[in-house]
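A.B. asks: sharing a model prediction with you, sequence too.
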Amino acid sequence: MSRDVFDEITKLVTEQRNPATEQIDTRSSREIVGLINAEDHKVAPVVKGELDHVARAVDIVVQAFRSGGRLIYVGAGTSGRLGVLDASECPPTFGTDPEMVQGIIAGGYGALVTAVEGSEDLAENGARDLKERNLTARDVVCGLAASRRTPYVLAAVEYARQTGCKTLYITCTPREEINFPVDVAICPVVGPEVVMGSTRMKSGTAQKLVCNMITTAAMIRLGKVYGNMMVDLQMNSKKLQERSKRVVMMVTGVDYEEAARILQRCGGHVKTAIVMILAGVEADEARERLRRSDGFVRGAIEGAQT
């Protein structure tokens, strides 16, 4: 069995040796960071080649959200941490319920800060951890595995399919090597790492870019952005309080004091404040307009003109 795993791993793109950095241990600090930067420059163009697949994933996630479903990332090691990171940033950025986008990492939350060796090999835990989230067919499960082969992640995705979920898979190995069923595979093949097998580097960067795109695009499609500004953010820090005021000022043209006053009247909800000002209505009417427009600020404002 061990020999089979060895043979499988040695064939992975993510485990190959990078000819451009074979002498990196002989270079100066400036030369080392130059080599790393040169490899990093390869990531964005590779991700660009996967945009059609990313867009399909976004459509699936949007449909799930509109049906009351969730997006659940599942990964191990760096990949798992990236999923948890993306999920944790959605509530403060877009005002979402923490349940809406979730991240599961092999080994549990302790694995976020300390490596839990061997947790990625425990396939049975992949299904178990999803069962604990009360998975339903309305949810979307996104596997994250740079190498494609992570047993924990594969088992989780298989359980999700059995439950009736749509499934996504983000990996840095070629699409033709995806030998299991998923609805959308996103495969930014960034090539061998600067340090052989260190997939926290280019592979991690590629996965982070894709996760960012999926959740950001989905939230835009749900009306949580007006223009290119966050309008569903939560005022739970000084920075976000001031950002909220600035957004209201930029959209509506009111001054600082008026933005602060309107935000206070509507409980700090930026969308509501914008509609109140631009549609000339009170908070309750602004909220009702937003409800009728499915949360889209433009639709809520235009309602004042019809």
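C.D. replies: Ah, there it is.

A.B. asks: need the contact list for Glu15.
C.D. replies: Ile9, Ser147, Pro192, Met196, Gly197 (CB atoms under 8 Å, 6 or more residues apart in numbering). Where C-beta positions appear, they are placed from N, C-alpha and C, glycine not excepted.

A.B. asks: ok, it to Met196 distance?
C.D. replies: Glu15 is 7 Å from Met196, where distance means CB to CB, to the nearest Å.

A.B. asks: what does Asp232 give?
C.D. replies: Going from Asp232 to Met196 by CB to CB gives 43 Å.

A.B. asks: looking at the two, which is more packed in?
C.D. replies: The neighbour comparison of Asp232 against Met196 (other CB atoms under 10 Å) goes to Asp232, with 20 against 13.

A.B. asks: ok, that one touching Lys224?
C.D. replies: Yes. Counting by CB atoms under 8 Å, Asp232 touches Lys224, with 4.2 Å between them.

A.B. asks: shared neighbours, the two?
C.D. replies: Phe94, Gly95, Thr96, Gly295.

A.B. asks: can I get those in a markdown table with secondary structure, neighbour count and distance to Leu122?
C.D. replies: Output for the shared contacts of Asp232 and Lys224, formatted as a markdown table (DSSP: H, G, I helix; E, B strand; the rest coil; neighbours: other CB atoms under 10 Å; distance: CB to CB, whole Å):
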| residue | secondary structure | neighbour count | distance to Leu122 |
| --- | --- | --- | --- |
| Phe94 | helix | 22 | 33 |
| Gly95 | coil | 19 | 35 |
| Thr96 | coil | 19 | 30 |
| Gly295 | coil | 16 | 40 |
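
A.B. asks: is it possible to export these to TSV including pLDDT and distance to Gly107?
C.D. replies: Converted to TSV, the shared contacts of Asp232 and Lys224 look like this (pLDDT from 0 to 100; distance: CB to CB, whole Å):
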residue	pLDDT	distance to Gly107
Phe94	92	28
Gly95	89	30
Thr96	94	26
Gly295	93	36
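
A.B. asks: I'd like to know which of the residues you listed is nearest to Asp284.
C.D. replies: Gly295 (16.1 Å; CB to CB).

A.B. asks: for that closest one, which non-adjacent residue is closest in space?
C.D. replies: The shortest distance from Gly295 to any non-neighbouring residue, by CB to CB, 6 or more residues apart in numbering, is to Gly223 (4.0 Å).
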